[in-house]
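Q: 3D, please:
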Amino acid sequence: MDKPASVKKIIDAVTDAAAGRDGPNPTPGAPSSRPPTASESAEPQPPLLLKPDQRPPAPVAATGRSTGAPADVRAQTGEYLTTAQGARLPDSDHSLRAGPRGPVLLQDHHLREKITHFDHERIPERVVHARGAAAHGVFRGYGTAAAVSKAAFLGEGVQTPVFVRFSTVLGSRGSADTVRDTRGFATKFYTCEGVFDLVGNNIPVFFIQDAIKFPDVIHAGKPHPDREIPQAQSAHDTFWDFVSLHTEATHHTIWNMSDRAIPRSLRMMEGFGIHTFRLVNADGASTLVKFHWKPKAGVHSLVWEEAQLIGGMDPDFHRRDLADAIEAGNFPQWELGIQAFPDTPEQTFEGIDLLDPTKIVPEELAPVQPIGLLTLNANPVNYFAETEQVAFHPGHLVPGIDITDDPLLAGRLFSYLDTQITRLGGPNFAQIPINRTHAPVNDMLRDGFHQDAVHGGVAPYKPNSLDGGCPFFAGTGDRAFVEFPTPVAAAAKVREAPASFADHFGQPRLFWLSLSPVEREHVIAAYTFELSKVYEQAIKERVLGVLARIDAELCQEVAAGLGLPAPRGGAEAFAEVAPSPALSQLGRRWPATGRVVGIVTGADSDPGVVRRIREAAHGAGLLPLIIAPTGAPLAEDLAVQRTFAATRSIEFDALLVADAPAPGADDRGARDARHGAVAGGQPTLDSRIVLLVNEAYRHAKPIAGLADARALWAVAGVDPQAPGVFSESDGVDAVSALAEQLRTHRVWERFPAAAG
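A: Here you go, the predicted model:
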């Protein structure tokens, strides 16, 4: 099927963008496509063009037809302020009154229109996944899935526009990004055969095995209904009360207590389809699969103190990082892969029930086979129109991809569709620009709220003769979506789960044993922190009883942190499992491209040295940000991105200290409470930079210092002989050392670990 010309233009633009940009990467963050002037413009100006990093939804009609219109056809036009009907307005600062001091007149149509629209600007936020960030991109099929799926978008070299939304689960739209939580990873493929939505998470298992429990787990995880606290957190009584009683949640819970729940960046998260899906090839043969997204930048996480600091310093950290990376040309990429399993009547693999969404299949048993590459390379133009209104649904399928009898998936197939009808104001949400398919639509669905299509014909029913029989049913050679004829066994109607769903502790133990010692330390700390926030002692004791069935050391260490006795339990109760090294985030090396390096400078730093450092960082694919006492440029071509007063170590993956700066004018307690935050500070050094270096060192980030900077080491508590601390005489060498060290994300050797 040929692609509409408008869609082809978008794919070409996406492909060109993905190929890279000329010259050094820009420093991201410009709010507009044109710098403003100091005074308000007196001459009428047309609306600004989009920023280079932005792209709107494809200009296709509500019925999927190519419009041939420019990409910004839906943007505002004209130099003058108008009403919604296009009438030009001379004033929008004053209501119409009976004299300057008289009453406001009801006839003021502009006032009524403006206020009425404002009063209705909000729609219900999502009950879950309310806080999100998104981007446009392109998916390129490798062709390696041809043996198992006839889906056209998976064909070799086929490029498909996509829109991807990342989200947290529990928090409201206004919550922070770096809370401990599961993240959504939802991808909308605008394929030539219709929309395919892969709606997944960054954790491969769910809290529950059956959709009927979904309201329970979300009610338990949400803020307490009497006080509406705590926001976007699981560290409270109702959550732990539920998961300690409903032990099928144990596997997801231990993932949630691991570093996976606090990713360094959305572009450094794995994604999982969670459920087992069915792929069907051109011959009609069926294969069961699990979908995986593997980030090209590697899977990395924050440490808990960083996550807490970021919550106050920059609660928009993840969405800012994603948008900035795209604007800077550091396009995030993931490979889509599948684990493939024979479609047997039992639907199990190596003893693992493939229909149980609380179970994984270790990659050592079923390797992930890459089938395509996702590149995100354009930011949305409007958050509400795109990121907020995008509507995903696991039932948006294309020929070659079908569902299985996973009981959780069955409920999601109902719930997602049902939710959109209320949230997006009716059944026509698929006609919102970001949701529109790029394939022709002739669905015989009519009318309803927000109907944007203007349907022709007089016979929206089948069969008909008045419309010439149109639309016709697709035949076997017309790429119709046909459900796979899965045999259904004779059975009685029951409310129960299969016996294979009953093991709630074997896979949590598998996860625990697969982690490195430092990752186990973080899990222990997370359980201890979360349970310390629980009020009821009985709930803490109950959770310890659950942990005792996973691992004795885990249980004992958490119990010690809570000041409680560990329940008695013997190793004979533990499941016999083989560790899966693929579950650990450590032990591999990844590209350092797109990592953020802070360059610390002082009032007297040599611009030539800083310039060479910045150029070397760009050459290594890093994003350098200059940190200085004030926002004044170091030179005409050396803008300052961060000041001592407005930065913190959490913004950077590594630090390069070009100078040991003297205290700034605002380095005093009444002006900045960080003054003197590190004991033993020297009056000759700015205390904010001492704290910056101290935090980066404690968080195991690589640090480099030039000769003039090493006075900071002792004051900031840095061991100059420690791994990942580089003392260089040349800035280019320092950049090279940092880039190489960043390939492991952190200097893990600085974290001594006792667990394991």
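
Q: residue 230 contacts residue 222, correct?
A: No: contact criterion Cβ atoms under 8 Å: residue 230 and residue 222 do not qualify, at 9.9 Å. From N, CA and C alone the C-beta is placed, and that goes for glycine too.

Q: check which helix or strand the residue of the chain positioned farthest from its centre maps to.
A: Computed with Cα atoms, centre = their mean, the residue of the chain farthest from its C-alpha average is residue 99, at 54.0 Å. Secondary structure assignment for residue 99, by DSSP states H and E: no helix or strand.

Q: ok, it - contacts?
A: By Cβ atoms under 8 Å, 6 or more residues apart in numbering, the contact set of residue 99 is empty.

Q: ok, now which ones touch residue 744?
A: 586, 589, 590.

Q: need the residues you listed in a markdown table with pLDDT and neighbour count, can you?
A: Listed next are the contacts of residue 744 as a markdown table, based on pLDDT from 0 to 100; neighbours: other Cβ atoms under 10 Å:
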| residue | pLDDT | neighbour count |
| --- | --- | --- |
| 586 | 95 | 17 |
| 589 | 96 | 11 |
| 590 | 96 | 17 |
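
Q: now, which of these lie within strands?
A: Counting by DSSP state E, those place none of their members in strands.

Q: out of those residues, which is nearest to residue 424?
A: Comparing those against residue 424 with Cβ to Cβ places residue 590 closest, at 38.4 Å.

Q: ok, that closest one to residue 741 distance?
A: As defined by Cβ to Cβ, to the nearest Å, residue 590 lies at a distance of 12 Å from residue 741.

Q: overlap in contacts of these two?
A: Residues within reach of residue 590 and of residue 741 at once, by Cβ under 8 Å, 6+ apart: there are none.

Q: quick one: pLDDT of the residue farthest from the centre of the chain?
A: At residue 99, the model reports a pLDDT of 95.

Q: re the thing from before, turn the contacts of residue 744 into TSV, columns for distance to residue 82.
A: Output for those, formatted as TSV (distance: Cβ to Cβ, whole Å):
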residue	distance to residue 82
586	58
589	57
590	51
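
Q: closest to residue 76 out of those?
A: Nearest to residue 76 among the contacts of residue 744 is residue 590, at 42.2 Å by Cβ to Cβ.

Q: so that closest one sits against residue 294, correct?
A: No: counting by Cβ under 8 Å, residue 590 does not reach residue 294; the two are 10.8 Å apart.

Q: for the stretch 1-150 of the chain, which spans come out with low pLDDT?
A: The stretch 1-150 of the chain contains residues with pLDDT under 70 at 1-25.

Q: please enumerate the helices of it.
A: Using DSSP state H, counting those that start in this stretch, the helices of the stretch 1-150 of the chain run over 5-18, 109-119.

Q: can you list the low-confidence ranges for the stretch 501-650 of the chain?
A: In the stretch 501-650 of the chain, residues with pLDDT under 70: 569-572.

Q: quick revisit: tell me which of residue 230 and residue 222 has more neighbours.
A: Ranked by neighbour count (other Cβ atoms under 10 Å), residue 230 and residue 222 place residue 222 first, with 22 against 16.

Q: all the helices of the stretch 151-300 of the chain, residue numbers only.
A: Here the stretch 151-300 of the chain has its helices, by DSSP H, counting those that start in this stretch, at 214-221, 237-245, 250-256.

Q: how about the residue nearest the centre of the chain, what does it touch?
A: Geometric centre of the chain, nearest residue: residue 166, 3.2 Å, by Cα atoms, centre = their mean. Residues near residue 166 by Cβ under 8 Å, 6+ apart: 132, 133, 134, 183, 184, 185, 186, 266, 269, 318, 322.

Q: let's see it at 6 Å
A: 133, 183, 266 (Cβ atoms under 6 Å, 6 or more residues apart in numbering).

Q: next one, pLDDT for it please.
A: pLDDT, residue 166: 98.

Q: not counting sequence-adjacent ones, nearest residue to it?
A: Leaving out its chain neighbours, the residue that sits closest to residue 166 by Cβ to Cβ, 6 or more residues apart in numbering is residue 266, at 4.5 Å.

Q: which neighbours do residue 230 and residue 222 have in common?
A: Contact criterion Cβ under 6 Å, 6+ apart; residues shared by residue 230 and residue 222: none found.

Q: looking at this, residue 685 is in a helix?
A: No: assessed with DSSP: H, G, I helix; E, B strand; the rest coil, residue 685 is coil; it does not lie in a helix.

Q: between the contacts of residue 166, which is closest to residue 407?
A: Proximity of those to residue 407 (Cβ to Cβ) peaks at residue 183, which lies at 23.5 Å.

Q: what distance do you get for residue 214 to residue 412?
A: Here residue 214 is placed at a distance of 8 Å from residue 412 (Cβ to Cβ).

Q: looking at these two, which one has more neighbours?
A: The residue with more neighbours, out of residue 214 and residue 412, is residue 412; 21 against 18, by other Cβ under 10 Å.
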